[in-house]
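In: I need the structure of the sequence given here:
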Amino acid sequence: MEGITRNIKDEKQSIRNELIQRIKYCGQYIVDNAEIILGEDKYLADLYLTCNFFDRSEAPYVTVNKDIIPDGFIEER
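Out: Numbering: from 1, shown residues only. Okay, here's the model as predicted:
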């Protein structure tokens, strides 16, 4: 019985380590591309970054969503 418990524990630790590494990949991408992600929009209202790492059947990825107020709306007021 102890052997089965040890294998499950090892498997859980392996999955945990993999998820940690996937988060680090996303984080490093954000650090390396911070200027590009922020961009140069004049009227940035919100910026959302999502790290999708949990589905181990696909590559981890970062989703970038921006809410930008159109220049004309601000400048013509």
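In: okay, CA-based contacts and neighbour counts for the rest of this
Out: Will do.
In: check the secondary structure at the residue sitting nearest the centre point of the chain for me.
Out: By CA atoms, centre = their mean, the chain has its centre lying nearest to residue 51, at 1.8 Å. Here residue 51 is recorded as strand under DSSP: H, G, I helix; E, B strand; the rest coil.
In: which ones are touching it?
Out: By CA atoms under 8 Å, 6 or more residues apart in numbering, the residues touching residue 51 are 23, 26, 27, 60, 61, 62, 63.
In: also residue 37?
Out: With contact taken as CA under 8 Å, 6+ apart, residue 37 is in contact with 30, 64.
In: so where does it fall, helix or strand?
Out: Using DSSP states H and E, residue 37 sits within helix 34-38.
In: ok, which stretches of the chain are strands?
Out: 44-52, 61-68 (DSSP state E).
In: now mean pLDDT too, for those strands, in JSON lines please.
Out: Below are the strands of the chain laid out as JSON lines (pLDDT from 0 to 100):
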{"stretch": "strand 44-52", "mean pLDDT": "98"}
{"stretch": "strand 61-68", "mean pLDDT": "98"}
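In: quick one: which of those is nearest residue 13?
Out: strand 44-52 (19.9 Å; CA to CA).
In: paired strands for the closest one, with orientation please.
Out: strand 61-68 (antiparallel) (DSSP bridges).
In: buried residues, the strand it pairs with. List them.
Out: The neighbour-count check on strand 61-68 (16 or more other CA atoms under 10 Å) flags residue 62 as buried.
In: before we move on, what about stretch 53-63?
Out: For stretch 53-63, by 16+ other CA under 10 Å, it's 53, 60, 62.
In: which one of these sits closest to residue 70?
Out: Among the buried residues of stretch 53-63, residue 62 lies closest to residue 70 (CA to CA), at 24.8 Å.
In: tell me how far the residue lying closest to that closest one once chain neighbours are set aside lies from residue 19.
Out: Computed as CA to CA, 6 or more residues apart in numbering, the closest residue to residue 62 that is not its neighbour in sequence is residue 51, at 4.6 Å. For residue 51, the distance to residue 19 (CA to CA, to the nearest Å) stands at 11 Å.
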